[in-house]
Structure formats: structure tokens, C-alpha cells
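Q: any chance you can model this:
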Amino acid sequence: MGLPTFPWFHTVPVWEFRSDGLVVDDNAEKISYPYRDVDLMSGLIETTDDDAWIIRRSVADNPSASAESLTWLADEEDQEVRETVAWNPSTPADVLTRLADDEEIEIRKRAAGNPSTPIDILVRFASDDEAEIRKYVAGNPHAPADVLTRLADDVDGDVRKGVALNPSTPIAVLAALAGNNDPDVRERVARNPSTPADVLVRLADDDDPEVRRRIANSRSALARMHDEHSGDEHSGTDSCELVEDEPEDEPKSAIGAIADLSWDTIDWGRTNAAGNPNTPVEVLARLAGDKDPDVRRGVAGNPNAPSDVLVNFAGDENKYIRTAVAGNPHTPAEIITDLAGDSDRDVREEVARNPSTPAEVLAALAGDDDEDIRGDVADNPSTPTDILVKLAGDKDESVRWNVAWNPNTPAETLAELASDNDRRLWTFLADNPNAPEDILAKIAVYFEARFHVANNPGAPSGLLDRIAREEKGLFPQYDRQYD
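A: Numbers count the residues shown, from 1 in each chain. Below you'll find the model as predicted:
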């Protein structure tokens, strides 16, 4: 059973946030982001007596933190707390203006990337001597068009890459960057959700395989290319036939580019196109017969896959293909029902996770002998409340943890779970965005749970302020307990 999936992520984590989406500590193993390894978390928390900054930083990162809290946290001595305030889009403009003059570059660059930073500050930062500062301005979606146009010619490659990826970059600038000599710049233009279809068609034929892969793997890119095809004179023609008739010496059409990506001789090109929900139905039908099982599995999990293809795949001898069908939110209910009785537990687990699984099937799986499957039902956002109430009394603690996190669990059930002496369960309760304030306040007396409350975007701003101020020592009210 996987741990709960979260509908949010924090812009700045408690430890170093790396570009690969992971957080690390000098003395710890790599952990997933957001934080759910409670054992590892507790170990890190207990390594120091001066750990209050962790809570203050978490509050500083919370989008629900009040302007008052963020204002006084901006004066925090700990640099990492100030960095987090500078990155929080809820931070008031006057506070960001002040942080823009902080002596630490790590704080200034976060202010440069904050979409709430005043325009005059961004204009000033765009001419900063530090390339790191200019890079963050280049990636700021609220940076003025003229600033982005100027930064597109910056001497620093990372700055140009930031402009190429910025959704606010003018189309003319994106078109120019699509011809940049640096393939990393072109790859970011391919990833940009604002890049127009004609530019994407050109990039789909790029010499660099990574550029082509980005388009094949981009839902929005294929959607724009497909929309362009839908409006042309051949929109009613089968795309496979249309591509076969295209002259080789003429510019490729949008649908031709899509098909070329799906038939790429490099396996990932077909695999990514197979999994992309914006790949045309007729192309998916063709890929359903691909020799590569990974390509067929991509089609099986594609919400745009034709029903007859899904029906076919539901009986496939390859369990990974059946698993993909079981997790597809557009798989017909009768197929989901059949797969709920599959002999392979991975297939049944995927049915239990599927938000489109019928309530009666979830009810049946809630009684499965496998605790991982019951746990996935408890984590499913579509699980009816009566089933969640039943699972709250499950003999397996991990099932109860998922019930505690599920936003649909009734308040009275959450209150009962809060009376449980399972401290790890409290961390899941503390993450529940719909947990009532009285429950969050009750469990926040324990440090591990308090850390998660501080990160919960559903926590009331008043409670967040109380927690942060207590950790600052302004009015101690919580016991520090590490059982």
C-alpha cells in the first residue's frame, strides 16, 4: 500500500529542496517530497535541542499563514526561515520589498522568483550582477514582458533557460528561443505551456531526442498540436491516413508531427505518446498493437484510450497491462468490477485506488483480506463516508492512518481517531486539510504532529500563528514530547 497522495506540495521544504524533487539532510537518507516517512522525520527532529526553527519554517511555508505571521517571521534570525518567507506567495508586498535587500543572496533570489514581489523590484533584479538573481526573475510568471525579452539574450545560459520555460514569455520570444543553439533552451521551450502549436511542430522534428521526448510526454503540447489539426481542412480525416499522404518535402502538419512522435524508432517516443491523453484516438488504436509491452501499457492507462481497446486489454495475460486498465479513470465500470476480482493483487490494488471505481466495488474491497488493498480504499478520495467509518476501526494501523488523512472522513470519526494513542496516526490527522481546528490543536501538543499541522494548508491561520509564536518562545503552551 502506498502512503497517501497529497493534493498539495510545499514550495519550500524543511530541508534542502533539490531540482529532482527530493529533500535530503546531511545525516539522512533521501526521502520523498512531501514528507511522509515519519520514522525518518522523527529521527531528524530529535537530533537537536534547538529544533523550534523547523516549526517556524513550516509555518512560513504554509500558504494559509497570515500576513501578520509572515511579517514577523521575516525578521527571524534563522536564514532558512527568512528564505521560506521570501518564497511564500502569500507574503505581503512590503515584506518582500524588505527581503529584496537582505544581505543573503539565497533570500534575495527567492524574492526575485516570488510572483507576489512588486514589479519595480523585479525590474531592478533583472539587472542584478548575480546571474542567480536574474535566473529567478526569468522564471517568475509575473515578470514584465519587456524584462523577459531582455533576459532571453542574457549571457548566462540558465537565465535563458528560465525565460524559455516561463509561461508568461511572449510568443515571439519563444519562437526565437526555439532556434537557440543550446538544446537545453529548446527543450524548455518544448515544455512551456504557452509555446504555440506551430513552434511545437518544428520542435517535434528537432535533432535532439530530449526535445522530441519532452513534446511526446507533454499533455498540453500534444493538446495544442491536436487542436491545430482539429481546425484545419483535414480535421475529419483519419490522422494515420493523412500522415501517410503528406509530401516529405513540405512542412509537417501538426497531426503529422504527433504521429511521427508516436511512431518514433526510439522506444520512449512511442511510450510517451501512448501515455499522453492528448494523443489522437486513432493513433492510440494503432499503438495498442505495438510490439513493445510498455507502449501497450501506456495505452491501457491512457484516459483517452478507446473503450474497445480497454476491454481487450482487461483480459491481457500481461498483468502490468491489466493493472494499467484497472487504474484508468475512464475504464468502463463493468470492466473495473471484473478486475476487482483479478487473481493478481496489484490489479486489485489499482482498482482500489481508482477514483472512478464504483462505490459497491470499493465496499467489497474494503473487506479484502489484504490490508494494503483495504488501505488503498481508505485513501481513495471517492470512498463513501460509511466505508471510511468502518475502516476507521480496522485492525491494521496503516489502514487507520489513511482514514485519518482522507479529507472525506467525518469530523466525529477524526475525533475518535485523535483519542487513539498512536502518535504516528496523529501525523496523518495533522495532514488532513479538513480536520477541525480543535482536533489539530489537541494533537499539536506533540512535536511530530505539530510539524505536520504547521505544514497543513487547511490549518486555520490563527492556529498557525499560535504554533509559530510558541516555537519562538513568545507564549509557551505546548509540551515537547518525543515518545
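Q: could I get the CA-only coordinates of stretch 72-85 as CSV?
A: Provided in CSV are the C-alpha atoms of stretch 72-85 (Å, rounded to 0.1, in the frame of the first residue of the first chain):
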residue,chain,number,x,y,z
TRP,A,72,7.2,38.9,12.0
LEU,A,73,8.8,35.7,10.6
ALA,A,74,10.6,37.8,8.0
ASP,A,75,12.6,39.2,10.9
GLU,A,76,13.6,35.7,12.1
GLU,A,77,17.3,35.3,12.8
ASP,A,78,17.4,31.9,11.2
GLN,A,79,18.2,32.4,7.5
GLU,A,80,16.2,29.4,6.3
VAL,A,81,13.0,30.8,7.9
ARG,A,82,13.5,34.1,6.1
GLU,A,83,14.2,32.2,2.8
THR,A,84,10.9,30.5,3.2
VAL,A,85,9.0,33.7,3.9
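Q: go ahead and confirm A366 touches V389.
A: No: at 10.7 Å, A366 does not count as touching V389 under the criterion of C-beta atoms under 8 Å. Where you see a C-beta, it was placed from the backbone N, CA and C, and this is true even at glycine.
Q: please say which of those two ends up with more neighbours.
A: Using other C-beta atoms under 10 Å, the more surrounded residue of A366 and V389 is A366, with 23 against 15.
Q: quick one, what contacts that one?
A: Neighbouring residues of A366 by C-beta atoms under 8 Å, 6 or more residues apart in numbering: 374, 377-378, 383, 387, 390-391.
Q: mind doing that once more with 6 Å?
A: Neighbouring residues of A366 by C-beta atoms under 6 Å, 6 or more residues apart in numbering: 374, 377, 387, 391.
Q: how's this structure carved up into domains?
A: Using automatic domain parsing, the domain parsing of the chain gives 118-203, 222-303.
Q: thinking again about what came up before, okay, and which of the contacts of A366 map to helices?
A: 374, 377, 387, 391 (DSSP state H).
Q: just the buried ones among those, please.
A: Neighbour-count burial (16 or more other C-beta atoms under 10 Å) applied to the ones in helices among the contacts of A366 gives 374, 377, 387, 391.
Q: ok, the last one to A404 distance?
A: Here L391 is placed at a distance of 10 Å from A404 (C-beta to C-beta, to the nearest Å).
Q: same check, this time on R186
A: Distance from R186 to A404, by C-beta to C-beta: 46 Å.
Q: higher neighbour count, those two?
A: Taking neighbours as other C-beta under 10 Å, R186 and A404 compare with A404 leading, 28 against 25.
Q: got the contact list for the more buried one?
A: Contacts of A404 by C-beta under 6 Å, 6+ apart are 417, 425, 428-429.
Q: swap the cut-off to 8 Å and go again
A: By C-beta under 8 Å, 6+ apart, the neighbours of A404 are 392, 414, 417, 425-426, 428-429, 432.
Q: among those residues, which pair sits farthest apart?
A: Farthest pair in the contacts of A404 (C-beta to C-beta) is A392 and W426. Separation: 14.1 Å.
Q: these two: which is more packed in?
A: W426 (28 against 21).
Q: regarding the more buried one, which helix or strand does it belong to?
A: Assigned by DSSP states H and E, W426 falls within helix 423-431.
Q: quick one: mean pLDDT for that helix?
A: The average pLDDT for helix 423-431 rounds to 95.
Q: for the helix or strand hosting L148, what is the distance to the chain centroid?
A: According to DSSP H and E, L148 maps onto helix 145-151. Counting by C-alpha atoms, centre = their mean, to the nearest Å, helix 145-151 is centred 28 Å from the centre of its parent chain.
Q: list the buried ones in it?
A: 147-148, 150-151.
Q: just checking, what packs against it?
A: Contact here means 3 or more C-beta pairs under 8 Å, 6 or more residues apart in numbering; DSSP states H and E; on that basis helix 145-151 packs against helix 131-138, helix 157-165.
Q: you'd agree N181 is in a helix?
A: No: counting by DSSP: H, G, I helix; E, B strand; the rest coil, N181 is not found in a helix; it is coil.
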